Each structure stands twice: as C-alpha cells, then as structure tokens.
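1. I would like the atomic coordinates for the input below:
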Amino acid sequence: MKVLVVGGTGPTGPHVLDGLLRRGDEVTIFHRGTHEPAGLPDVEHLHGDPHFRASIDDAIGARTFDVVVAMYGRLKHLAPALAGRCDQFVAIGGVPVYQGFFPDPGQSPLPVPVTEEHPVVVDGAGGAELAFSRRLADAETAVFAHHPRATVLRFPTLFGPNNARPAEWSVIKRVRDRRPFLILPDGGHQIHTRCAAANAAAFVLAALDAPEAAAGQVYNAGEATSWSFRDWATTITRLLGHDLELVSVPRAIAIEATTSLLPLAGTTATHVVVSTEKARRELGYTPAVDPLDAMAELVAWYDDHPDFDPAASPSFTDRFDYTTEDALLHHYRAATRQLAKVVEQNAAPPIHSMPHPQRPGEVDHRGR
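-> The predicted structure is shown next:
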C-alpha cells in the first residue's frame with residue numbers, strides 16, 4: 001500500500017515507519033525537514049509545514065494514497081486537504097480533549113479510568129487550557145467530517161528518544177549532577193497514564209491492521225499500568241543505580257517543581273488514567289515492548305548521547321536551579337519544625353481494632 005505519514009520524525013514516527021516497511025508498504029513522510037534524527041528509515045520525504053493549508057497543498061500536490069497517518073500538524077487543515085485522496089485516515093489526537101482533564105466547575109470531572117465514552121470539551125471559554133482542549137475536539141470533528149471512516153487515537157504522555165518534552169531528563173540530570181534529592185510536589189502521588197513510543201506506534205499499526213473495526217472509531221492509547229510520578233522517578237533512579245532522596249513538598253510551596261515537573265505545568269487533573277480496553281478488544285492491540293524495558297532503553301539512550309542538549313526541546317522548562325531548591329527545602333523543613341512546636345497536638349495511641357477480653361464473657365479494658 002501507498003502510505004503517507006505526516007510527521008514521522010518524533011519519538012513514535014520511526015517505530016511506525018519500521019512497522020509499515022516490514023509490511024512491505026511504500027512509505028512517504030511529510031514534515032518540515034527541521035528534525036531528522038539519525039537512524040530514520042530510508043523513505044521518501046516531502047518537506048513543507050503541515051500546520052498550514054497552502055503548504056500542505058504545495059508539498060503533496062495531486063498525489064493520492066491508500067493510507068494517511070496524520071501524526072503531526074493541524075488536523076483541521078490536513079483532513080480537508082486529503083479528503084477523497086485516501087482510503088484510510090488515522091489521526092493522532094490527545095487525552096486533553098476530555099472534559100475534566102483541566103479541572104473546571106463547568107466541566108464533567110475526569111473519572112478514573114477515563115474511557116472513550118467520557119464527554120469531550122465543547123466550550124473552550126474557560127481559559128487557555130479549555131481553549132486548547134476545545135481545539136483538539138474541533139480537530140477530531142474535522143477529521144470525521146471529511147473522513148467518516150477515519151480513526152482517531154488519543155495519545156497520553158509519551159516517553160522515548162527525540163521527545164519534544166524529555167521529562168525524564170529532570171531526574172537523569174540531577175543524578176548526573178550528584179544531587180542528594182528531588183522535590184516531588186505533594187509527594188509525587190499523581191498518576192498519569194504514559195506510553196512508550198514503541199507502544200504508541202503499536203496502537204497506530206493495530207488500527208491500520210483492522211480497518212473495518214477501526215472505521216469511525218476513537219481509541220485511547222497508553223500503558224495498561226500507570227506509574228505515579230514517584231514510581232516513575234524511582235524507576236529511573238533505580239535504572240541509573242543511584243540513590244536519590246525523593247522529598248515531598250506541598251505543591252502550593254513547590255512552585256517550580258510543580259510547573260516544570262508535572263504535565264502541562266501542573267494544570268491538569270491530579271490523576272489522568274485512561275482505559276485502553278477498547279483498543280485491546282476491538283483492534284487486538286498488544287504492546288510491542290514492556291514499558292520498564294522501554295524506560296531502560298531510554299536511560300541507555302541518554303548514556304549514548306552525552307551531548308544531549310535540552311535547549312533543543314523548547315517545551316522542556318526545568319531550570320535546574322539548585323540554589324533555589326536547597327533554600328526551599330531548608331526553609332520548608334525549618335517551618336515544619338516550628339509549626340510542630342507552635343501548635344500543641346495530642347498523638348492518638350495505636351489501638352488494635354478487635355477486642356481482647358481476659359476471660360470468657362467479659363469485655364476488655366476498653367469496654368469492647
């Protein structure tokens with residue numbers, strides 16, 4: 001089949017390209033040409049900006065394809081530009097489309113887990129976050145308007161080499177810098193579904209392999225097991241063979257850690273756990289890799305790239321301001337000790353919940 005992949009050079013794209021080539025497909029990728037990582041499969045490249053209709057038309061011309069996989073750019077322009085010019089259209093959307101992903105009184109709260117039946121944002125008037133969600137919802141509407149048998153895959157937070165936001169670098173660099181601790185907002189107990197890039201690609205390939213089942217459908221993508229932020233950081237430090245103290249600080253105080261470490265600057269729901277049962281049932285999706293193995297490979301990738309430059313990832317915002325971190329932890333612990341002295345409290349004794357009478361028919365010393 002003739003397949004057009006829009007994007008294809010990020011963390012997921014190379015895995016999709018490899019899967020298509022293994023099937024014997026004729027693959028073309030369309031992207032801006034500003035990012036072509038080493039080891040990218042040898043396929044035809046079309047260069048242009050998938051964010052703008054005129055650039056899309058100029059790059060693709062009158063070409064037709066059997067399949068289009070839109071992984072990058074603006075779907076509201078790609079969908080109409082390719083209408084009637086492909087048999088199968090698979091689009092990548094995102095989990096922020098759901099109501100409650102960004103908490104708001106006017107939105108339905110996000111359930112745990114969230115299925116594809118949960119409503120998407122229809123009113124983006126509540127601020128920049130909801131406007132972003134509404135744009136994602138509008139993009140999905142455009143896809144189905146121009147490709148009624150299309151498939152939309154809603155991706156969560158991804159991890160893998162060449163990621164636009166290499167979140168794991170916050171942990172890895174602190175280990176390399178021999179930092180004694182990492183501040184975790186609210187203890188790092190927030191749970192967000194993540195997905196290894198190779199497994200995100202497996203969702204795409206599963207949809208391509210089941211075109212009838214996938215036609216007109218929306219599917220969540222993600223790992224079956226979700227790490228808390230604390231588990232995620234612990235996993236990385238363990239893979240690095242380093243003992244890094246994970247320090248809990250309330251997010252109202254740990255402002256930099258909250259806004260640089262948590263997804264989308266800590267503006268999301270506390271827990272974002274998506275169900276992937278529908279894709280497993282209808283598409284026969286199975287993971288390509290174990291997520292722990294994928295994380296180990298990612299950690300090894302950083303070892304193979306000692307010259308990694310986070311400045312090449314403008315979405316990465318961690319400043320690694322260790323002076324501020326040290327000061328924050330010092331004053332937080334001092335304030336905690338002072339508060340314990342100022343407010344007199346009586347510790348409740350540990351009490352076993354079951355009665356312990358000394359003789360048959362009698363109550364114990366607590367009257368139970």
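2. just checking, next helix/strand downstream of the helix or strand harbouring Val69?
-> Using DSSP states H and E, Val69 sits within strand 67-70. Using DSSP H and E, the helix or strand that follows strand 67-70 towards the C-terminus is helix 75-81.
3. Please state the offset of the helix or strand following that next one from the chain centre?
-> Later in the chain than helix 75-81, the nearest helix or strand by DSSP H and E is strand 88-94. For strand 88-94, the gap between its own C-alpha mean and the chain's C-alpha mean amounts to 16 Å (CA atoms, centre = their mean, to the nearest Å).
4. So which residues make contact with the helix or strand that strand 88-94 is followed by?
-> Counting by DSSP H and E, the next helix or strand C-terminal to strand 88-94 is helix 128-146. With contacts defined as CB atoms under 8 Å, 6 or more residues apart in numbering, helix 128-146 is touched by 70, 74-76, 79-80, 82-83, 89, 91, 93-94, 96-99, 101-102, 104, 107, 120-125, 150, 152, 216, 218, 264, 267. Where you see a C-beta, it was placed from the backbone N, CA and C, and this is true even at glycine.
5. Which among those count as buried?
-> 70, 74-76, 79-80, 82, 89, 91, 93-94, 96-99, 101-102, 104, 107, 120-121, 124, 150, 152, 218, 264, 267 (16 or more other CB atoms under 10 Å).
6. circling back to that earlier point, quick one: residues in contact with the strand holding Val69.
-> Contacts for strand 67-70 (CB under 8 Å, 6+ apart): 1-7, 16, 25, 50, 78-79, 82, 85-92, 143, 204, 208.
7. Need the CA coordinates for it. PDB is fine.
-> Presented in PDB, the C-alpha positions along strand 67-70 are these (Å, rounded to 0.1, in the frame of the first residue of the first chain):
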ATOM      1  CA  VAL A  67      -3.500   5.300   3.900                       C
ATOM      2  CA  VAL A  68      -2.700   8.600   5.600                       C
ATOM      3  CA  VAL A  69      -1.400   8.600   9.200                       C
ATOM      4  CA  ALA A  70      -1.600  12.200  10.500                       C
END
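8. Averaged pLDDT, that strand. What do you get?
-> Per-region confidence: strand 67-70 scores 98 on mean pLDDT.
9. List the strands paired with it, with their directions.
-> strand 2-6 (parallel), strand 88-94 (parallel) (DSSP bridges).
10. Give me the buried entries from the contacts of strand 67-70.
-> For the contacts of strand 67-70, buried by 16+ other CB under 10 Å: 3-7, 16, 25, 50, 78-79, 82, 86, 88-92, 143, 204, 208.
11. doesn't Gly61 make contact with Ala81?
-> No - counting by CB atoms under 8 Å, Ala81 sits too far from Gly61 to count as a contact (10.8 Å).
12. All the helices of the chain, residue numbers only.
-> Ranges of helices within the chain are 13-22, 53-60, 75-81, 128-146, 169-176, 197-209, 211-214, 229-239, 255-261, 277-283, 291-304, 322-342, based on DSSP state H.
13. Quickly compare the ones you listed and say which is most buried.
-> Across the helices of the chain, averaging neighbours per residue (mean count of other CB atoms under 10 Å) puts helix 197-209 on top, at a mean of 24.
14. Much appreciated, bye for now.
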